[in-house]
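K.L.:
3D model of this:
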Amino acid sequence: MIKFATKNDIADIMDFIENYWKHGHILAANRKFFEYLYITDKDRVNFAISKDKEDKINGVIGYIPYDKSHSIISLALWKALNAQDSFIGMELFEFLMNELKTQLIATVGVNIETSGEIYLFFDYELGKMNHYFRLNELAEYKIAKVIDKLIPEIKRSSVTVKELKSVDEIPKGFKYDTNAIPKSIDYIERRYFNHPVFKYNVNLFDDDLIVITRLQECNSSKCLRIVDILGNYNKIPVITAYFDEYMKKNNIEYIDCYNSGISNKLFEDAGFIEIQNSENIIPEYFSPFEQRNIDICYSSSKKGIILFKGDGDMDRPN
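P.N.:
Residues are numbered from 1 along each chain as shown. Now for the predicted structure:
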């Protein structure tokens with residue numbers, strides 16, 4: 001039996017995550033954070049679950065909605081137990097599509113080996129995100145492993161920058177790119193301004209570009225992570241001078257960004273380097289810390305979708 005979960009199912013879902021996904025996972029250990037992530041409308045739990053004949057959970061699929069109707073979503077946690085003559089994972093996926101009447105499903109952090117075939121079966125785009133970075137000029141790096149300390153020159157242009165403290169400060173009529181995931185104001189407020197654990201910095205450039213970053217501390221050092229960009233992506237090259245100064249002032253090692261769907265040239269013009277074109281290591285894992293490069297894969301029902309690491313549940317505490 002497959003159904004949408006209720007609050008009464010949360011404890012069982014958390015036990016399932018603990019036993020079959022990852023021991024000690026935050027979504028298995030912290031009910032408050034679980035409810036923040038998966039209860040977005042009153043008491044509605046954004047999970048579909050499958051139960052066997054003994055009424056025990058044998059499959060789950062969580063999702064994060066970007067709109068009030070839950071027609072634009074990102075899958076967030078998808079796990080099914082092996083069962084003879086049953087395709088539980090596929091059934092859960094189809095249940096969500098049919099019941100929510102989804103217009104767009106775009107997911108960051110896809111495990112191609114486990115769910116890739118299902119995405120390809122439905123003709124989804126499946127790929128690897130680009131990973132861009134820009135170093136600060138430092139004598140020592142404790143987070144990154146820097147073999148080639150190349151810091152490209154940039155063109156500096158006049159730009160106004162304002163730090164937004166509230167979603168109400170986003171200019172009226174702010175335009176979002178048509179190839180990006182449509183994100184409601186409620187989603188943006190909840191995701192970046194009201195996060196219960198992470199502190200996000202939201203900067204507005206020239207009233208038409210928003211860059212959302214998070215400071216990551218590790219090894220008695222710091223790096224800056226771009227988790228989302230909204231608005232006029234052609235303006236990306238103007239952000240670099242501001243962040244260069246910010247990194248110098250705060251002794252930050254580097255700034256990085258995972259993205260799909262935006263022209264490489266825009267990041268190159270901004271003085272960023274794609275990790276594949278470098279011998280450097282720009283870590284992704286911090287809990288626990290691992291000094292190695294990590295590929296992040298994505299899937300989307302819309303070809304050419306613009307995605308960032310902040311989409312879905314990739315940028316969360318572990």
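
K.L.:
Ile226 versus Tyr200, what's the distance?
P.N.:
Counting by CB to CB, to the nearest Å, the gap from Tyr200 to Ile226 is 11 Å. Backbone N, C-alpha and C define where each C-beta goes, glycine included.

K.L.:
shared neighbours of these two, anything?
P.N.:
Counting by CB atoms under 8 Å, 6 or more residues apart in numbering, the residues touching both Tyr200 and Ile226 are Ile212, Thr213.

K.L.:
quick one, which of the two is more surrounded?
P.N.:
Each of Tyr200 and Ile226 has its neighbours counted (other CB atoms under 10 Å); Ile226 has more, 24 against 18.

K.L.:
surely the more buried one touches Thr213?
P.N.:
Yes. Using CB atoms under 8 Å, Ile226 is in contact with Thr213, at 5.4 Å.

K.L.:
can you pull the residues that touch both of the two?
P.N.:
Ile255.

K.L.:
what about the stretch 201-318 of the chain, any weak spots by pLDDT?
P.N.:
The model of the stretch 201-318 of the chain has no residue with pLDDT under 70.

K.L.:
oh sorry, the question was meant for the stretch 1-150 of the chain
P.N.:
Checking the stretch 1-150 of the chain against pLDDT under 70 turns up 83-86.

K.L.:
the same query, at a cut-off of 90, please.
P.N.:
41-43, 82-87, 111-117 (pLDDT under 90).

K.L.:
quick one: the strands in it?
P.N.:
2-4, 39-41, 44-45, 47-51, 57-65, 72-80, 104-108, 125-128, 130-135 (DSSP state E, counting those that start in this stretch).

K.L.:
counting contacts, what elements does the fourth one pack onto?
P.N.:
In terms of contact count using 3 or more CB pairs under 8 Å, 6 or more residues apart in numbering; DSSP states H and E, strand 47-51 is assigned the packing partners strand 2-4, helix 10-20, strand 57-65, helix 88-100.

K.L.:
want to try a markdown table for those, with distance to Ser278 and mean neighbour count as columns?
P.N.:
Shown next, in a markdown table, are these (distance: least, CB to CB, whole Å; neighbours: other CB atoms under 10 Å):
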| stretch | distance to Ser278 | mean neighbour count |
| --- | --- | --- |
| strand 2-4 | 45 | 15 |
| helix 10-20 | 36 | 17 |
| strand 57-65 | 32 | 23 |
| helix 88-100 | 36 | 17 |
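
K.L.:
quick one: buried residues of stretch 244-260?
P.N.:
Asp244, Tyr246, Met247, Ile252, Glu253, Tyr254, Ile255, Asp256, Cys257, Tyr258, Asn259, Ser260 (16 or more other CB atoms under 10 Å).

K.L.:
dump the residue contacts of the residue nearest to Met90 when sequence neighbours are not counted.
P.N.:
In this structure, Met90 finds its nearest non-sequential neighbour in Ile118, 5.8 Å apart by CB to CB, 6 or more residues apart in numbering. Residues near Ile118 by CB under 8 Å, 6+ apart: Gly89, Met90, Phe93.

K.L.:
could you export those residues as JSON lines, including distance to Lys183?
P.N.:
As requested, the contacts of Ile118 are arranged in JSON lines below (distance: CB to CB, whole Å):
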{"residue": "Gly89", "distance to Lys183": "27"}
{"residue": "Met90", "distance to Lys183": "28"}
{"residue": "Phe93", "distance to Lys183": "23"}
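
K.L.:
turn the strands of the stretch 1-150 of the chain into TSV, including distance to Phe289.
P.N.:
Below are the strands of the stretch 1-150 of the chain laid out as TSV (distance: least, CB to CB, whole Å):
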stretch	distance to Phe289
strand 2-4	37
strand 39-41	31
strand 44-45	33
strand 47-51	30
strand 57-65	26
strand 72-80	23
strand 104-108	21
strand 125-128	22
strand 130-135	17
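
K.L.:
so which of those strands is nearest Cys297?
P.N.:
Of all the strands of the stretch 1-150 of the chain, strand 125-128 sits nearest to Cys297, with 5.3 Å by CB to CB.

K.L.:
now that closest one: buried residues?
P.N.:
Neighbour-count burial for strand 125-128 [16+ other CB under 10 Å]: Glu125, Leu126, Gly127.

K.L.:
domains of this protein?
P.N.:
2-102, 129-308 (automatic domain parsing).

K.L.:
output those domains in a markdown table, with distance to Pro317 appended to each entry.
P.N.:
Listed next are the domains of the chain as a markdown table, based on distance: least, CB to CB, whole Å:
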| stretch | distance to Pro317 |
| --- | --- |
| domain 2-102 | 6 |
| domain 129-308 | 5 |
